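Undergrad: Below are the sequence and a predicted model; questions follow.
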Amino acid sequence: MLFNSFEFIFLFFPCTVLLYFFFVRFLGHEFGLGLLVFASLFFYAYWNPPYIILIITSIIVNYVLGAWLVPNKNRASKVFLVLGIALNLALLGYFKYANFFVDNINWAIGTSWNLEKIFLPLAISFFTFQQISYLVDSRQGKTREYNFLHYCLFVCFFPQLIAGPIVHHKDMLPQFMKPENLKPRWTNFAIGITIFAIGLFKKTVVADSLSVYVGPVYDDPSAAASLDFFAAWGSTLAYTFQLYFDFSGYSDMAIGCARVFGIKLPVNFFSPYKSLSIIDFWRRWHITLSSFLRDYLYIALGGNRKGKTRRYLNLFLTMLLGGLWHGAGWPFIIWGLLHGSFLMVNHAWRGAMRLAGLNLKGNQVYQLFSWLATFLAVVVAWVYFRAPTLEQGNAILWAMAGVNGAQLPGGLAAHLGDSINVLKSIGISVGFGSGSLFVTNFLWVVVAGACTVFLPNVAQIFHYYEAVLYEHESSFKAYRECSPINWRPSMSWAYASALLGLLGILTLTQVSEFLYFQF
Amino acid sequence: MLSPRRYIFAFILAFLGFSILTVSLNYMVDPYLMMDTKRWQSFNLHKTKIGRHLKISKAYHPNFGEWDTLLVGNSRIEMGLNPHHSCFLKSANKVYNLGLPGADVRQQLEYALNLIYQQPVKQVFLSIDFVDFLVLNEWQAPKGGIDLSAPPDRLRFTFDGSKNPNHTWAKFMDHYRALFSLDALFASLQTVALQSPTQSDRDNHGFNPARDYEYGVNIEGANAFFVEKMSVMENKYSKDWSLKYNNGSPSQSYALLASFLEIAKKKDIKVILFTNPFHQNFWDLLQDNNLYETHQVWLDEVQTLISNVGASDTSLWDFSADSEYIHEKVPASHLKGNPLTWFWEPAHYRKELGDLMLDRMLADQCQTESKFGVRLL
């Protein structure tokens, strides 16, 4: 079920909220939690009922393994941990990577093995990671024994089930037990529906409007060869902002839904396009995935404990696998490799600056340069993230470099009068079309870009009402309290959020899935 | 500051208030011409954002009037044949232009029949385009022939006159979207903001006055329109087109046309078929792609088809033949605001040429002097 659908907004969600608090009050807390588990499984099964068997099996197996690991710290438990992780990765590997693996074997050794197309079950990448973290923490003694119902809820709580934020058991389970969350609270309702309205607007109005300019370039293999500079940049920038508004919109909606139940989810985005370095970017983009990769992969590989060379190698490998997590395809691997390389360069640069005794953090020109370099690196990498094939990604990047020339639509050029001659003298030619698509493409990009750079994020806007969980008390502390816009239950906020919510509702007749559902 | 409880009530009330405003605005502006709301100067007189919604508009809007004459075809008809032509006015005909941009033969005929089953239609001017009968050589013929009872998207009646079971739901959803969707809201706001004579429009008889073409020619010049259209058509017609599918069976457009003529004959409706004029550049393009002879074959086959139906009240006019009008020179690229007299671009003729066509086809009704075109049947 999609958050941006009639059935979710007007039926599933209100009914679940009402029944949950009714059950908690009249039947008891555990019945309430049971209802949430049932509702979450229904929410999942609505998309493709047979896959519910998969998630239930995965939950049972991991719960049993985890329950065994908690009190047992002997050598055999290590075997069980490895077995548990292997089972999870095998499940993910079969559904996500089997086709990719067979295709590449065929290509490499000239065989023609045939494997039926395997469809990726929704959310498998997310619930697998959550459960691996549970198993590892169980072995390390960081978990206590949860009952099965509570464990189910940790894995499949519907607001975060499909596309995160990836939650940690230590963050989630205690919240369901808090007495103050067992009663409906108007404050939670007010915060929840407002954040949901903002997320719905971000996804359905901004991201979906930007998507119009992405498909014609990225979904048409024949388009890339004749792509010009402006079309390539227009489309890639549109995708850059579409992805952010789509995914952060989804995260906001998840945060809003969970808050109605009194549950705070972890922050997943913190204005990533304001980043002044790639290191900074990965602290702000898909934060819960970055934390998972850091805690369970980078540190497991040795982190920075084995010297600089190993640290860089670990970083590189972590990002490479992070790329592969997003999808089974060479473009995702290249995307991961690029970000791994960017991070290595970034760390090396910082090291060099430290050695040279340079501190330019207060220098505005340096900051502007840093922002521009970071943004450019991120945009270039997004090309491979979105391109269906490496060849198409390369062709789009060449076009962005101006190899195919630059062209203005005839209708637009006609409005420029004699200035068109100046543009022609620098190699910009005049093509066909009225130019209305060209203008709206760049208009949307500018507006969306300005919003990402100049407006505060949801975590900042709701700072005084603790909308999200932070990993550390100090996370983003310097930014949290400096928002020029702060939510409070006022009439103007009620009007503004009602308007945003309505604009989102107005799009519900257009079916539009979230981009991160494919991962 | 409000209490959280009052905040939620304010939110809900504001949501409902904004919703009512949205529906009211969309109804009053009627950007897709579906509700037949009154047109107001400087507000919603010109339907400037209707361009991509004509199949919705023309499924519902004609039902607000009563028509005895239909002009049927694609975008050429929509902007070429004027339902307010003097001969129609003299004969007191109530004419609706059902031209549908981008529609194939089946859609054109389905829309026409949908009105015929509901309205007292007496005559139909039916444009037949050679290019609508072409199929790619690799295409397979539809299995099991043509299903005339297959429900169309949103029309009340199917091709063969049975009621479309999907109509009520489709109508509800179309109206819902026209009143309560973001697209409609944007379209309404843009319609109000862009009430200038340079924008696209449709009148209450379904006619496209081609004001956006006129504006484009003024700004970019007719040459740009010709070059752009030729580029698109060169790409299209360089493929392997034919009048037959890969198994040798003819394009299904023939059977659809024959079925339409049979229905019209049964309903005693006069059908005036005609071919459209194209600029010489188009014919040169067909020649270059070895399609010119195919066009002649098609014209012969269409005549045979019409004769076989044997309707006495059916005529066929050919405006695609060589004539003085199609050789007009295209202005140089630097000349702006210098439209051709008869064509917007190679595939779309202007109303002025459409008037000559109607003069000829309606000669027995209002004694006009036009010699353009040839009556084949």
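TA: Good, I have the coordinates.
Undergrad: same for the least confident helix or strand in chain B by mean pLDDT, what does it pack against?
TA: The weakest-scoring helix or strand in chain B, judged by mean pLDDT, DSSP states H and E, is helix B:363-366 (a mean of 83). Using 3 or more Cβ pairs under 8 Å, 6 or more residues apart in numbering or on different chains; DSSP states H and E, the elements in contact with helix B:363-366 are helix B:86-90. From N, CA and C alone the C-beta is placed, and that goes for glycine too.
Undergrad: And residue A:297, how far from residue A:133?
TA: Separation of residue A:297 from residue A:133 (Cβ to Cβ, to the nearest Å): 11 Å.
Undergrad: would you list every one of the strands in the stretch 101-250 of chain B?
TA: Applying DSSP state E, counting those that start in this stretch to the stretch 101-250 of chain B gives strands spanning B:123-128, B:135-136, B:241-242.
Undergrad: And for the stretch 401-519 of chain A?
TA: Assigned strands in the stretch 401-519 of chain A, in chain order: A:406-408, A:428-430 (criterion: DSSP E, counting those that start in this stretch).
Undergrad: residues in contact with the residue of the stretch 251-400 of chain A found nearest chain B?
TA: Across the stretch 251-400 of chain A, the shortest distance to chain B (Cβ to the nearest Cβ) belongs to residue A:260, at 10.9 Å. Residue A:260 makes contacts with A:13, A:17, A:188, A:189, A:192, A:193, as judged by Cβ atoms under 8 Å, 6 or more residues apart in numbering or on different chains.
Undergrad: Grab the two from those residues that are most spread out in space.
TA: A:13 and A:188 (13.8 Å; Cβ to Cβ).
Undergrad: Around chain B, pick out the residues from the stretch 301-450 of chain A.
TA: By Cβ under 8 Å from any Cβ of the partner chain, the residues of the stretch 301-450 of chain A that approach chain B are A:410, A:411, A:414, A:415, A:432, A:433, A:434.
Undergrad: Just the buried ones from these?
TA: A:410, A:411, A:414, A:432, A:433, A:434 (16 or more other Cβ atoms under 10 Å in any protein chain shown).
Undergrad: give me every residue that touches the fourth one.
TA: For residue A:432, the set of contacting residues under the criterion of Cβ under 8 Å, 6+ apart consists of A:409, A:410, B:224, B:227, B:228, B:231.
Undergrad: what's the answer for the second one, then?
TA: When the contact criterion is Cβ under 8 Å, 6+ apart, the partners of residue A:411 are A:433, A:434, A:435, A:436, B:216, B:219, B:220.
Undergrad: Could you tell me how far the fifth one is located from residue A:297?
TA: By that I understand residue B:216. Applying Cβ to Cβ, the value for residue B:216 to residue A:297 is 57 Å.
Undergrad: And the first one, by the same measure?
TA: The spacing between residue A:433 and residue A:297, counted by Cβ to Cβ, is 47 Å.
Undergrad: number of nearby residues for residue A:14?
TA: By the measure other Cβ atoms under 10 Å in any protein chain shown, the count of residues near residue A:14 is 12.
Undergrad: Just name the shakiest helix or strand of chain A by mean pLDDT.
TA: Scanning chain A with mean pLDDT, DSSP H and E, the lowest is helix A:477-480, at a mean of 76.
Undergrad: Return the distance of that one from the chain's centre.
TA: On the basis of Cα atoms, centre = their mean, to the nearest Å, helix A:477-480 sits 22 Å off its chain's mean C-alpha point.
Undergrad: just the CA coordinates of that helix, formatted as PDB?
TA: Provided in PDB are the C-alpha atoms of helix A:477-480 (Å, rounded to 0.1, in the frame of the first residue of the first chain):
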ATOM      1  CA  LYS A 477      23.400  20.200  17.400                       C
ATOM      2  CA  ALA A 478      24.800  23.400  15.800                       C
ATOM      3  CA  TYR A 479      22.100  23.300  13.100                       C
ATOM      4  CA  ARG A 480      19.100  22.100  15.100                       C
END
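Undergrad: by contact count, what packs against it?
TA: Under the contact criterion of 3+ Cβ pairs under 8 Å, 6+ apart, helix A:477-480 touches helix A:458-461.
Undergrad: give the contact list for residue B:28.
TA: Contact analysis of residue B:28 by Cβ under 8 Å, 6+ apart lists B:37, B:43, B:44.
Undergrad: mind running it again at 6 Å?
TA: Contact partners of residue B:28, counting by Cβ atoms under 6 Å, 6 or more residues apart in numbering or on different chains, are residue B:37.
Undergrad: Next secondary structure after the helix or strand harbouring it?
TA: If you go by DSSP states H and E, residue B:28 is part of helix B:4-29. Moving toward the C-terminus from helix B:4-29, the next helix or strand (DSSP H and E) is helix B:54-60.
Undergrad: what's next to the least confident helix or strand of chain B, contact-wise?
TA: Outside helix B:363-366, the residues within contact range by Cβ under 6 Å, 6+ apart are B:87, B:90, B:91.
Undergrad: Would you pull up the residue in the stretch 251-377 of chain B closest to chain A?
TA: Of all residues in the stretch 251-377 of chain B, residue B:336 sits closest to chain A, with a separation of 7.2 Å (Cβ to the nearest Cβ).
Undergrad: isn't that residue right up against residue B:224?
TA: No. Residue B:336 is beyond contact range of residue B:224, at 8.9 Å (criterion: Cβ atoms under 6 Å).
Undergrad: who has more neighbours, the two?
TA: Neighbour count, other Cβ under 10 Å: between residue B:336 and residue B:224, residue B:224 has more, with 23 against 16.
Undergrad: Give me the distance between the more buried one and chain A.
TA: To chain A, residue B:224 is 5 Å away according to Cβ to the nearest Cβ, to the nearest Å.
Undergrad: if I read this right, that residue contacts residue A:412, doesn't it?
TA: No. Checked against Cβ under 6 Å, the pair residue B:224 and residue A:412 is beyond contact range at 11.8 Å.
Undergrad: Helices along the stretch 151-300 of chain B, start to end?
TA: Secondary structure of the stretch 151-300 of chain B (DSSP state H, counting those that start in this stretch): helices at B:167-179, B:182-193, B:211-220, B:222-237, B:252-266, B:280-288, B:292-309.
Undergrad: With the stretch 1-150 of chain A instead?
TA: Under DSSP H, counting those that start in this stretch, the stretch 1-150 of chain A gives helices at A:6, A:13-26, A:29-45, A:51-69, A:75-92, A:98-109, A:124-139, A:148-156.
Undergrad: Export stretch B:77-85 to PDB, keeping only CA atoms.
TA: C-alpha atoms of stretch B:77-85 as PDB (Å, rounded to 0.1, in the frame of the first residue of the first chain):
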ATOM      1  CA  ILE B  77      -9.900  18.600 -39.200                       C
ATOM      2  CA  GLU B  78      -9.900  20.200 -35.800                       C
ATOM      3  CA  MET B  79      -8.000  23.300 -37.000                       C
ATOM      4  CA  GLY B  80      -8.900  23.200 -40.700                       C
ATOM      5  CA  LEU B  81     -12.700  22.800 -40.900                       C
ATOM      6  CA  ASN B  82     -14.700  25.600 -39.400                       C
ATOM      7  CA  PRO B  83     -18.000  24.600 -37.900                       C
ATOM      8  CA  HIS B  84     -19.100  28.200 -38.300                       C
ATOM      9  CA  HIS B  85     -18.600  28.100 -42.100                       C
END
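Undergrad: ok, residues contacting it?
TA: Identification of contacts with stretch B:77-85 by Cβ under 6 Å, 6+ apart yields B:71, B:95, B:97, B:99, B:127, B:205, B:207-208, B:210, B:349, B:351, B:354, B:358.
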